[in-house]
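Trainee: Here is a sequence with its predicted model. Questions after.
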Amino acid sequence: MKTSSIAAALAATLIAATLGAHAGNMRHDNPTVGGAPMLVTRDIVDNAVNSKDHTTLVAAVKAAGLVETLKGPGPFTVFAPTNAAFAALPAGTVDTLLKPENKGTLTAVLTYHVVPGRLDAKTLAAKVKAGKGSAALTTVQGETLTVRSADGGVTVTDAKGNVATVTIADVQQKNGVIHVIDKVLMP
């Protein structure tokens, strides 16, 4: 086996291990997120509203009118920024985005965090391996996110070069999967 093949195989193994021991299954032992159990029998919105770490994301989803979409059949993969990720944006950004006149911009930012399909840890690892260390994912918004393995974890890079780290992976939903991230991604 060539050195590059060994490195790619090792990277894929690390991603799968980092993203969760129960990648690709629908067991009921989902991770707890924001102090709340995440149930595979609930959809993305019904689980997110219970996470104390995602109140800003939920408010933004409501303001953008995306609740019904994310309650739909999907499947969707959501890279879900925490409240701390939103708080790290420049002062006033969230308040500005939540204004009714900025609904289009807010919708673009939020749909940039959503990829069609159920991309669990195992699937992401395979894409990164096939891409020799990175994988481009086309979002619902239409632009690309780049997933990479880094320092034993997984990162997601946006169009502006901002890098978010997956902090909790493979939170299974009945209509997709959530990967919690530590930064807001910008198209």
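Mentor: Arrived safely. Numbering: from 1, shown residues only.

Trainee: And K129, how close does it get to K71?
Mentor: Distance of K129 to K71, computed by C-beta to C-beta, to the nearest Å: 33 Å. Using the backbone N, CA and C atoms, a C-beta is placed for each residue, glycine as well.

Trainee: Among these two, which residue is more densely surrounded?
Mentor: K129 (20 against 16; other C-beta atoms under 10 Å).

Trainee: what's stretch 91-103 in contact with?
Mentor: 56, 59-60, 63-65, 86-87, 105-106, 109 (C-beta atoms under 8 Å, 6 or more residues apart in numbering).

Trainee: What of stretch 34-42?
Mentor: Contacts of stretch 34-42 (C-beta under 8 Å, 6+ apart): 26-28, 30-32, 47, 50-54, 82, 171-174, 178.

Trainee: Just the buried residues of that stretch, please?
Mentor: 34, 38, 40, 42 (16 or more other C-beta atoms under 10 Å).

Trainee: Flag the shaky bits of the protein, pLDDT-wise.
Mentor: 1-28 (pLDDT under 70).

Trainee: pretty sure T155 contacts S134?
Mentor: No - T155 is not in contact with S134 according to C-beta atoms under 8 Å; the separation is 9.5 Å.

Trainee: intersection of neighbour lists for these two?
Mentor: Contacts common to T155 and S134, judged by C-beta under 8 Å, 6+ apart, are 147-148.
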